[in-house]
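In: Generate a structure from the sequence data that follows.
(2 chains)
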Amino acid sequence: MKEDLALTVPGDENTPTEKHLAPEFESLLFPPSLSFVASSSSSSSLHEEAETDPREIDPRWRRRRHPNGGQAAGRRRRLRPVQPRLRPRHLLLHQTPLNTFIWNSMIRGLAHGSSPADAVALYNKMLAEGYSPNNYTFPFVLTACANLVDAAATPGLGLAVHGTLLRRGFEDFDPYIQTALVNFYANSGSIDTARHLFDRCRRRDVALWNALIRGYAQSCRFSEAVQVFRRMQDDSDRIRGDEITTLSVVSACAHLGALDLGRWIHSYIGKNQMRLTVNLGTALINMYAKCGEIEAAFSMFDEMPHKDVRTWSVMIGGLAIHGHAREALLLFTEMKTMGVTPDSVTFTGVLSACSHAGLVREGLRILEEMKTIHGVSPTIEHYGCAVDLLGRAGRLEKALELIKGIPMDLDVVLWGNLEMGEMAAKEMLQLDPQNAGALVFLSNAYASVGRWDKVEETRETMKERRIQKPPGSSSVEVGGIVHEFTSGDPSHPEMNQIYAMLDEISRLRSAQEPRHVAGAVSFDMDEEDKEQCLAQHSEKLALAFGLLKTRPGTTVRIIKNLRICEDCHSVMKLASEAFGRTVIVRDRARFHHFRRGSCSCGDYW
DNA sequence: CTAGGGTTAG
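Out: Model (predicted):
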């Protein structure tokens, strides 16, 4: 019993462990991989294990888990042996009565782990056992809720936490809780709720702003993310953005293709004497690449003294979307020689480089080497890239063969990438009847060969299944402001001028190619509307607006959410020639640089 | 003794 003193907090000697820790959630505290199984719960058996090497005990445990460090250590010195075979589980169960601090620590540990739901379960247990959560508890458990695999599908857990903290009067208690709340709602797809809470906060520190900015970006509302950043600049609190702010905003610029703003942030970093960290540098490289400035991206990349796997991946992916496949592959090789281990994202970039350039053999070799040499198992995206590569190079048999070899659970999404017409699309629909991509693809395949009856049929199917194609949308940056156009949407205030410009372009066009016929048309319109809808594809509206609003000779940059259609592609070529402009279009898959009537993609995309 | 906000692809 003397020796037990060394292991026990005063007053705790005779307390059975069950009182502190109900058996059903011991498994939460000690997941199998971490758990040290007790050979017996009786203390006598503990002593029988005396042959255990004391070094087995991690000293950090002693320090960490001994609340009365000084006292206990003193007593421990007098007694020997020192906790011979006590393993972490015993330490915790015997020495430490549960209190809010312990609960908090446990919740915190689980919140960032692989199963944040366990953290929430533990929090509920804590309440059920009658322990009071404090101001530390809520950020932990809210972070857990935000980290749930599909936070948007299960917002209930976080809502309940919010309810509890309201009832207990923590709502306006401190900025940590408020930030955690904003972050939770943003992460769960309720960005508007997050905004509402943000607006109600009186003191706003940089983390709170960051949570909101990041939340908008997370919800794909990038221009609002930028707006919030702008408001942060003007706010009377004079909060300076920090590295995290900048990372989020630069990322938003990359998504938006907002080059001017991105450049402004770059100089903001310099002006505020922020250090250009690897992370920031990587974000900027990505931004320049995504805004069409691949040279600027590359020179930044060159100048970075330290690069991590993301830096390399971003640069390789950037080269890929610009169609510079050889350079991307060279960089991939260089990265490996530098001893940087490529990850799954790196391979997405490398494979897409091969795909855009039609490098079939390279691509297949890399897909193979992913597994064999680098030990990265290909995901559906990687297979998708490879199938895409084969499909576009016309190697349909090979593509089918590859698909057949794909592990079963991966193949559902895959068919969308394949230019194999009807067969592939039907196959895809069998796998997933709700797959909008498949139907859109099928219908476009019919449209391209003029089978309008089949297009109609597909359209009916979509109506029946209540599937909608995402609307085409393009944006163009003019004077630092991003203007967004959706297909056929006449709501822009300067629409008359835009239409006039489009008429002008189409006059030029019929002069040049008098017999041009409307070809590929989106499936979801009647045949008589074809001409008009083609004329109103969002990228054409953006082009017209860009030509009107920027100075002659400057570059027009357009970002489109879908792939550019063939008709628009030829209009872009023509406009670049006729107006002496460089037009850069980033579509869903890659960049097209139009100069003097031709495109950098070589019409292969 | 514990706290909130983070960049790549899809």
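
In: From now on I want contacts and neighbour counts done on CA atoms only, so please keep to that.
Out: Will do.

In: Let me know how buried A:T458 is, in neighbour terms.
Out: Residues lying near A:T458 (other C-alpha atoms under 10 Å) number 21.

In: just A:G349 next, same as before
Out: Around A:G349 there are 27 residues (other C-alpha under 10 Å).

In: can you check A:S510 too?
Out: A:S510: 12 neighbours (other C-alpha under 10 Å).

In: Which strand or helix spans it?
Out: Per DSSP states H and E: A:S510 is located in helix A:495-512.

In: Give the other helices and strands that that helix contacts.
Out: For helix A:495-512, the packing partners by 3 or more C-alpha pairs under 8 Å, 6 or more residues apart in numbering; DSSP states H and E come out as helix A:538-549, helix A:566-578.

In: Just send the ones you listed back as CSV, with mean neighbour count and mean pLDDT too.
Out: Output for these, formatted as CSV (neighbours: other C-alpha atoms under 10 Å; pLDDT from 0 to 100):
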stretch, mean neighbour count, mean pLDDT
helix A:538-549, 24, 93
helix A:566-578, 20, 92
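
In: For A:T179, see how far away A:A146 is.
Out: With distances taken as C-alpha to C-alpha, to the nearest Å, A:A146 is found 12 Å from A:T179.

In: coming back round to it: to A:V478, which of the helices and strands packed on helix A:495-512 lies closest?
Out: The closest of those to A:V478 is helix A:538-549. By C-alpha to C-alpha, the value is 6.8 Å.

In: elements contacting that closest one?
Out: By 3+ C-alpha pairs under 8 Å, 6+ apart, helix A:538-549 packs against strand A:473-478, strand A:481-486, helix A:495-512, strand A:556-560, helix A:566-578.

In: CA atoms of the last one as CSV?
Out: Meaning helix A:566-578. Below are the C-alpha coordinates for helix A:566-578, written out as CSV (Å, rounded to 0.1, in the frame of the first residue of the first chain):
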residue,chain,number,x,y,z
GLU,A,566,-15.9,24.6,-79.7
ASP,A,567,-17.9,27.5,-81.0
CYS,A,568,-16.7,29.8,-78.3
HIS,A,569,-13.1,28.6,-78.9
SER,A,570,-13.2,29.7,-82.5
VAL,A,571,-14.8,33.0,-81.5
MET,A,572,-11.9,33.6,-79.1
LYS,A,573,-9.4,32.9,-81.8
LEU,A,574,-11.1,35.3,-84.2
ALA,A,575,-11.4,38.0,-81.6
SER,A,576,-7.7,37.8,-80.7
GLU,A,577,-6.9,38.3,-84.4
ALA,A,578,-9.5,41.0,-85.2
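
In: How many residues are close by A:I316?
Out: 31.

In: Quick one: residues contacting A:S190.
Out: A:A152 (C-alpha atoms under 8 Å, 6 or more residues apart in numbering).

In: Neighbours of A:I505, how many?
Out: For A:I505, using other C-alpha under 10 Å, the count is 20.

In: The stretch 251-400 of chain A against DNA strand B: which residues are in contact?
Out: Counting by C-alpha under 7 Å from any atom of the strand, the residues of the stretch 251-400 of chain A close to DNA strand B are A:251, A:278-280, A:282-283, A:286, A:309-310, A:313-314, A:317, A:344-346, A:348-349, A:352, A:381.

In: A:H112 and A:P133, how far apart?
Out: Taken as C-alpha to C-alpha, the span from A:H112 to A:P133 is 19 Å.

In: for the residue most central in space within chain A, what are its contacts?
Out: Closest to where the C-alpha atoms of chain A average out (C-alpha atoms, centre = their mean) is A:Q218, at 7.3 Å. For A:Q218, the contact set (C-alpha under 8 Å, 6+ apart) comprises A:A186, A:N187.

In: Low-confidence bits of the stretch 351-500 of chain A, can you list those?
Out: For the stretch 351-500 of chain A, the stretches with pLDDT under 70 are A:408-457, A:460, A:462-470.

In: hmm, 80 instead?
Out: A:396, A:400, A:403-471, A:480, A:488 (pLDDT under 80).

In: Excluding sequence neighbours, find me the nearest residue to whichever residue of it sits closest to DNA strand B.
Out: Nearest residue of the stretch 351-500 of chain A to DNA strand B: A:E381, at 5.5 Å (C-alpha to the nearest atom of the strand). Excluding the flanking residues, the one nearest A:E381 by C-alpha to C-alpha, 6 or more residues apart in numbering is A:T348, at 7.0 Å.

In: what sits up against the helix holding A:S510?
Out: For helix A:495-512, contacts defined as C-alpha under 8 Å, 6+ apart pick out A:H516, A:A535, A:K540, A:L541, A:A544, A:F545, A:L548, A:V571, A:L574, A:A575.

In: Mind putting the residues you listed into TSV with distance to DNA strand B?
Out: Putting the contacts of helix A:495-512 into TSV (distance: C-alpha to the nearest atom of the strand, whole Å) gives the following:
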residue	distance to DNA strand B
A:H516	33
A:A535	28
A:K540	23
A:L541	24
A:A544	27
A:F545	26
A:L548	30
A:V571	25
A:L574	28
A:A575	27
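
In: among those, which two are most distant?
Out: The most widely separated members of those, counting by C-alpha to C-alpha, are A:H516 and A:L548 (24.9 Å).

In: Just the buried ones from the residues of the stretch 251-400 of chain A next to DNA strand B, in PyMOL syntax?
Out: Buried residues among these (16 or more other C-alpha atoms under 10 Å), as a PyMOL selection:
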select buried, chain A and resi 251+278+279+280+282+283+286+310+313+314+317+344+345+346+348+349+352+381
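
In: which residues sit in contact with the residue of the stretch 301-450 of chain A found nearest DNA strand B?
Out: Residue of the stretch 301-450 of chain A nearest DNA strand B, by C-alpha to the nearest atom of the strand: A:R310 (3.9 Å). Contact analysis of A:R310 by C-alpha under 8 Å, 6+ apart lists A:T282, A:T346.
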